[in-house]
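*Asks:* Kindly return the folded structure for what I paste below:
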Amino acid sequence: MRITSKLLVAKGACKSQVGVFEHLWPKGGEVKLEDCVRAVEAGLDLDWAAEHLLTAPARKTYDEAMAAARKTYDEATTPAWKTRNEATAPAGKTYDEATIPARKTRNEAMATAGKTYDEAMAAARKTYDEATAPAGKTYNEAMAAARKTYDEATAPAGKTYNEATAPAWKTYDEATAPARKTYDEATATAFFEASGLD
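*Replies:* This is a model prediction of the structure:
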């Protein structure tokens, strides 16, 4: 199977994916296992490629191989995900508790701004274009102030949460890296083998 950027565009690939493909293979090329591995490492979506470039029998082969790879990946990463969730739960609770007052203040400000906006809009139905400009401006200013107050109030809690959860995320990433690598290799291999069926 030969893949070119022209083929990807014709099949509806997104611009960013075509750009990555063109950078790696400016002239296109035949599907090879090492190129499939390279594609996965570069972030190209081989699931999309399988769906749009492979024949129905080849897609079935790919889907079957990926189902097994996904199951293996899920089984390998579930303990790490559980550990990460347990480690971040206290920080999440602290964050939620710290941001409740800010959320309440934001919601009240938004409700007041919304009410003012709705009243201005109801009275201005006949002169919609003239009335919505000032009401919209007032609403947007009120919303901006509420957002700013909320962001300022929640920033310390957000920082604390991120600092508290960073070790858990690092542990999770390290624990799941081998499974991710195996999964990515399985993706590349499955696409390569399925592409040979066309």
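
*Asks:* my read: residue 188 touches residue 37, true?
*Replies:* Yes: using Cβ atoms under 8 Å, residue 188 is in contact with residue 37, at 4.3 Å. For every residue, glycine as well, the C-beta is placed using N, CA and C.

*Asks:* Have a look at these two and say which one is more surrounded.
*Replies:* Taking neighbours as other Cβ atoms under 10 Å, residue 188 and residue 37 compare with residue 188 leading, 21 against 17.

*Asks:* any idea how far residue 31 is from the more buried one?
*Replies:* According to Cβ to Cβ, to the nearest Å, residue 188 stands 10 Å off from residue 31.

*Asks:* same check, this time on residue 92
*Replies:* Between residue 92 and residue 31 the computed distance is 44 Å (Cβ to Cβ).

*Asks:* So for these two, which residue has more residues nearby?
*Replies:* The neighbour count for residue 92 versus residue 31, taken as other Cβ under 10 Å, is higher for residue 31 (20 against 13).

*Asks:* Find the nearest non-adjacent residue to the more buried one, please.
*Replies:* Counting by Cβ to Cβ, 6 or more residues apart in numbering, residue 31 lies nearest to residue 195, which is 4.3 Å off, once chain neighbours are set aside.

*Asks:* can you tell me how far that neighbour sits from residue 33?
*Replies:* As judged by Cβ to Cβ, residue 195 and residue 33 stand 10 Å apart.

*Asks:* Could you check which of these two has the larger neighbour count?
*Replies:* Per other Cβ under 10 Å, whichever of residue 195 and residue 33 has more neighbours is residue 195, with 25 against 15.

*Asks:* what residues are up against the more buried one?
*Replies:* Residue 195 sits next to 1, 31, 53, 54, 58 when contact means Cβ atoms under 8 Å, 6 or more residues apart in numbering.

*Asks:* Quick one: the residues you listed as TSV, columns for secondary structure, pLDDT and distance to residue 8 too.
*Replies:* Below are the contacts of residue 195 laid out as TSV (DSSP: H, G, I helix; E, B strand; the rest coil; pLDDT from 0 to 100; distance: Cβ to Cβ, whole Å):
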residue	secondary structure	pLDDT	distance to residue 8
1	coil	90	13
31	coil	94	13
53	helix	96	8
54	coil	95	13
58	helix	94	17
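
*Asks:* Cool, thanks, signing off.
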